[in-house]
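Participant: Sequence first, then the predicted structure:
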Amino acid sequence: MQTGDTLWIDETGEYPFEQPIEASKSIYILAKAGIEHPQFVPGKNFRGRAFIEITDGVDVTIGGISFIGRSAYGDVPFGVSAIAPMLKHYNLTVNNCRFSEFNEGS
């Protein structure tokens, strides 16, 4: 992905993740209008701390997505997480998203 790109989610349903989206550039991750909260869930071989991992100095906007931290395959500790070390501030904008079934401490 390039800086400013938009990843459009255009269907309702589950999206099993096998690896996190590493947001190393400023991006948008959005459900298209009329799509009812597509669900990001851990897939069979998911390895990572979060569905979206943010590196420093980027702007990330997410909208209209459900992040579900538990599936039959395992758990994801976080919906969105920053990756250290952070040398610059990042901006995260969350619009109309849902977060469920994450460990209470997460």
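Facilitator: It's in.

Participant: Okay, strands next: where are they in the protein?
Facilitator: 6-9, 14-17, 21-23, 27-31, 39-42, 50-54, 59-63, 66-68, 70-71, 74-75, 78-82, 91-95, 98-100 (DSSP state E).

Participant: for the closest residue in space to residue 102 that isn't next to it in sequence, phi and psi?
Facilitator: Nearest non-adjacent residue to residue 102, counting by C-beta to C-beta, 6 or more residues apart in numbering: residue 69, 3.6 Å away. In this view, the C-beta of every residue, glycine as well, is placed from N, C-alpha and C. Phi and psi for residue 69, reported as degrees, to the nearest 10, are phi -80, psi -10.

Participant: Is residue 69 in contact with residue 76, as I believe?
Facilitator: Yes. Between residue 69 and residue 76 there is a contact at 4.9 Å, judged by C-beta atoms under 8 Å.

Participant: anything in contact with each of the two?
Facilitator: Between them, residue 69 and residue 76 share the neighbouring residues 42, 102, with contact defined by C-beta atoms under 8 Å, 6 or more residues apart in numbering.

Participant: In terms of neighbours, single out the busier of these two.
Facilitator: Neighbours were tallied for residue 69 and for residue 76 using other C-beta atoms under 10 Å; the higher tally belongs to residue 76 (27 against 21).

Participant: Would you quantify the distance from that one to residue 52?
Facilitator: When distance is defined by C-beta to C-beta, to the nearest Å, residue 76 is 10 Å away from residue 52.
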